[in-house]
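>>> Mind looking at a prediction? Sequence and model below.
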Amino acid sequence: LLATLLVQSGEPAWALITVATLGNSAGSAVNWWLGRYLTRFQDRRWFPFSPESLRKAEGWYHRYGRWTLLCSWMPVIGDPLTLVAGTLREPLPSFLLLVVLAKLGRYLVVAGVALAIW
């Protein structure tokens, strides 16, 4: 969607990248909050993450610490990492700093590729 908007909308790239970064980071902040309060329901069928994906993300988080949040841009592993960060009580300011940097990096790459190709 970002690539399409960059190429077709005529809106400034910085504005589109800012909105994408802030919106995606807000979603990760929701995961952090959910991790703080809803993991007590992880045995329920409706819980969004499998026990295996949570275990994997928790292992990464314990092994590499808060720096794993720089991988929060990645598909599949990014959301569980942000949930685990909340579960393990990562302070919100450091969480947001790392997640925003990761998401911004992803969208800068997407924008660069989209604008270079079109």
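Received it, and whenever you're ready, just let me know what you need.
>>> Quick check: the most centrally placed residue in the chain vs Leu81, distance?
Taking CA atoms, centre = their mean as the criterion, Ser72 is the residue nearest the geometric centre of the chain, at 4.0 Å. As judged by CB to CB, to the nearest Å, Ser72 and Leu81 stand 5 Å apart. To be clear about C-beta, it is placed using only N, CA and C from the backbone, and glycine gets the same treatment.
>>> The helix or strand of the chain with the lowest mean pLDDT - contacts with which helices or strands?
Least confident helix or strand, the chain: helix 51-64 with a mean of 83, by mean pLDDT, DSSP states H and E. With contacts taken as 3 or more CB pairs under 8 Å, 6 or more residues apart in numbering; DSSP states H and E, helix 51-64 sits against helix 78-87.
>>> contacting residues around the helix it packs on?
Helix 78-87 has contacts (CB atoms under 8 Å, 6 or more residues apart in numbering) with 28-29, 31-37, 39, 48-49, 53-54, 56-58, 60-61, 66, 68-69, 71-72, 95, 99, 102.
>>> Return the distance of the next helix or strand after that helix from the chain's centre.
Note on helix 78-87: by DSSP states H and E, the next helix or strand toward the C-terminus is helix 92-117. Averaging C-alpha positions (CA atoms, centre = their mean, to the nearest Å) puts helix 92-117 10 Å from its chain's average.
>>> any idea of the angle helix 92-117 forms with helix 78-87?
Angle, helix 92-117 to helix 78-87, by axes from the mean of the first three to the mean of the last three CA atoms, to 10 degrees: 170 degrees.
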